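[1] What follows is a predicted protein model with its sequence.
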Amino acid sequence: MTSETSELTFRPAGPADVPALVALVESAYRGDSSRAGWTTEADLLEGQRTDAEGVAAVIEAPGSRLLVAEREGELLACCQLEHRGERAYFGMFSVRPELQGGGVGRQVLAEAERVAGAEWGVRELEMTVIEQRSDLIAWYERRGYRRTGEFSPFPYGDERFGLPLRDDLRFERLTKEL
């Protein structure tokens, strides 16, 4: 077990990380294990959140980085960054459920913002969040993100993104100037 006082370290994910990253993302969002944290989508969606092919595609895509957060070599969290011109997209944000609420997520988000701004020179970070996740949207708002009122449909019928438990899901775009 890692010491909670030691620093987080960050690195880009590689192909060998795929199985552990799939397990992390699934544990943070789906099924009973996700209920240990507060980011669960288990009341909105069943089925998978991602798969090995999807994670590998993010790792291999040009202009994309899957950032891994570790403490003493133990995988604790991850997030996706995708360079999109003057902005970057933030997604696949996952923290081990038993560590949620302890500051790991804030540190990962801050590192993602640093990478996007300092290394890519982008002026804005954007993301999409399921509109019904008001607790999560409020968390992002407390960190300087703003709701845009721009929505995109949930990919109903594509089981790679889960099996919806309701018919009114959609994504809202959030942004933050860096």
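    It's in. Numbers count the residues shown, from 1 in each chain.

[2] Just the CA atoms of stretch 78-86, as CSV, please.
    Taking C-alpha atoms only, stretch 78-86 is exported to CSV below (Å, rounded to 0.1, in the frame of the first residue of the first chain):
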residue,chain,number,x,y,z
CYS,A,78,-5.7,8.9,-15.2
CYS,A,79,-7.0,11.3,-17.7
GLN,A,80,-7.1,11.8,-21.4
LEU,A,81,-5.8,15.0,-23.1
GLU,A,82,-6.4,15.6,-26.8
HIS,A,83,-4.8,18.6,-28.5
ARG,A,84,-7.4,20.4,-30.6
GLY,A,85,-5.8,23.5,-32.0
GLU,A,86,-6.2,26.4,-29.5
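
[3] what comes up buried for it?
    By neighbour count, and taking 16 or more other CB atoms under 10 Å as the criterion, the buried residues in stretch 78-86 are Cys78, Cys79, Gln80, Leu81, Glu82, His83. Just so you know, the C-beta spots here come from the backbone N, C-alpha and C atoms, and that holds for glycine as well.

[4] Distance check, the closest residue to the second one other than its chain neighbours against Glu70.
    In space, Cys79 comes closest to Phe93 once its chain neighbours are excluded; the distance is 4.5 Å by CB to CB, 6 or more residues apart in numbering. Spatial separation of Phe93 from Glu70 under the definition CB to CB, to the nearest Å is 16 Å.
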